[in-house]
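Colleague: what follows is a predicted structure for the sequence shown.
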Amino acid sequence: MQDTYGLELLGLGPDQEAVYQSLLNCGPAGEAVGVVRLAERLGITECRVRECLDDLVDLELLRPSRDAPGMLRAVSPETGFDSILRRQEAELLRRQQQLARSKEAVARTVAAYAADRSDAGVDGAERLVGLDAIQSRLESLARDLTDECCSIEPGGAQSPASLAAARPLDERALARGVTLRTIYQDSARNDPATFAYARWHTENGGQIRTCPETPPRMLVFDRRVAVVPIDPANTRLGALCTSAPGIVMPLLALFEQTWEMAVPLGADRRAAHAAADGLSPAESALLKLLASGMTDEAAGKRLGVSLRTVRRQMAALMERLDATSRFEAGLKAAQRGWL
């Protein structure tokens, strides 16, 4: 009995094996040796010897002696181990049958769920109502990812709940070698939690870029399935999941266009985009939004920054333009080619 690891699979630990071996060596009346002598011989306690004897009886490696009533005899390894293996084979067969029945039940449930989804529409479109439904669908799509996921996450700082829900999905995808490309707004760099998550993402192989202004939220899985919010202003209302090429391909084109204009997370966004006059991309985006007639508050929401930040940046621009009013600032910005 040299393969201790193999005997452990049969239920025999080192102590049980030592007791069994001792009783085998003692012959049919091995138990007559006594618990005390076995303990001394094996260097274990009497209590431990009794526990091992009970275990060996349960394994049917010890049986009552017919020659010495009240005593135990050791069953030969050929008979005893064969009996254990047969019981284990029977248990394995039972569990395999149980597993097969469980798989059949799961397959039926999944098929019924897919057939009964009343929100499924035409052309592969599916309406997802509620955060739970959205998260469930994203988990399914992430599990089936094989190549690439492209996503745009507007709004600057991401909620802790969103980051917590995304992390295990991203972690498993990155571990499989899937390419993950994500675009955040520049203002996400100012939120410690979002920036920390983005850094973790890039350190594990993901690609993160930022830009002052982004299109609405979107995720595109393997360039064939897209998930977008029904109302970008209120993602809690639900999302649309579609595989229609007429929708997926334009979304991909929009993503690629934004990706080319965005700056890698590790780069200096001001240095990367600064024009000859020193105008930053955030300042340029703000000027264009305000020039289009958008209010300070609306521009802040679009850029993912606070109203105070918008007013501070605008005041700095007016000072640089030597303008006493926003109207004058707009004229001078246009003259400089900033608009």
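Modeller: The structure has been received and is ready for your questions. Residues are numbered from 1 along each chain as shown.
Colleague: wait, what's in contact with the closest residue to Arg176 other than its chain neighbours?
Modeller: Of all residues beyond its chain neighbours, the one nearest Arg176 is Leu145 (7.5 Å), with distances taken as Cβ to Cβ, 6 or more residues apart in numbering. Where you see a C-beta, it was placed from the backbone N, CA and C, and this is true even at glycine. Counting by Cβ atoms under 8 Å, 6 or more residues apart in numbering, Leu145 makes contact with Ala173, Arg176, Val178, Phe221, Asp222.
Colleague: tally of neighbours for the third one?
Modeller: Counted with other Cβ atoms under 10 Å, residues neighbouring Val178 total 19.
Colleague: for the stretch 201-339 of the chain, which segments are assigned as strands?
Modeller: For the stretch 201-339 of the chain, applying DSSP state E, counting those that start in this stretch gives strands covering 207-211, 218-221, 225-229, 239-242, 263-264.
Colleague: in a markdown table, list those along with mean pLDDT.
Modeller: Formatted as a markdown table, the strands of the stretch 201-339 of the chain follow (pLDDT from 0 to 100):
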| stretch | mean pLDDT |
| --- | --- |
| strand 207-211 | 88 |
| strand 218-221 | 94 |
| strand 225-229 | 92 |
| strand 239-242 | 91 |
| strand 263-264 | 83 |
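Colleague: how about these, which one is nearest Lys288?
Modeller: Proximity to Lys288 (Cβ to Cβ) singles out strand 207-211 among these, at 13.2 Å.
Colleague: quick revisit: list the ones among the contacts of Leu145 that fall in helices.
Modeller: Ala173 (DSSP state H).
Colleague: write the PyMOL selection for whichever of the contacts of Leu145 are buried.
Modeller: Filtering the contacts of Leu145 down to the buried ones (16 or more other Cβ atoms under 10 Å) takes a single PyMOL command:
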select buried, resi 173+178+221
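Colleague: so can I have JSON lines of the contacts of Leu145 showing distance to Asp55?
Modeller: Shown next, in JSON lines, are those (distance: Cβ to Cβ, whole Å):
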{"residue": "Ala173", "distance to Asp55": "46"}
{"residue": "Arg176", "distance to Asp55": "44"}
{"residue": "Val178", "distance to Asp55": "49"}
{"residue": "Phe221", "distance to Asp55": "53"}
{"residue": "Asp222", "distance to Asp55": "54"}
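Colleague: rewinding a little: for the strands of the stretch 201-339 of the chain, which one sits closest to Gly155?
Modeller: Of all the strands of the stretch 201-339 of the chain, strand 225-229 comes closest under Cβ to Cβ, at 11.3 Å.
Colleague: and the contacts of the closest one?
Modeller: In contact with strand 225-229 (Cβ under 8 Å, 6+ apart) are residues 124, 128, 134, 137-138, 141, 216-221, 235, 237-243, 247-248, 251.
Colleague: quick one: which helix or strand includes Asp54?
Modeller: helix 46-58 (DSSP states H and E).
Colleague: show me where pLDDT drops low in this protein?
Modeller: 1-6, 27-33, 103, 106-124, 266-278, 334-335, 337, 339 (pLDDT under 70).
Colleague: tell me how far the residue of the chain positioned farthest from its centre lies from Arg73.
Modeller: No residue in the chain has its C-alpha farther from the mean C-alpha position than Asp67, which lies at 64.4 Å (Cα atoms, centre = their mean). According to Cβ to Cβ, to the nearest Å, Asp67 and Arg73 sit 8 Å apart.
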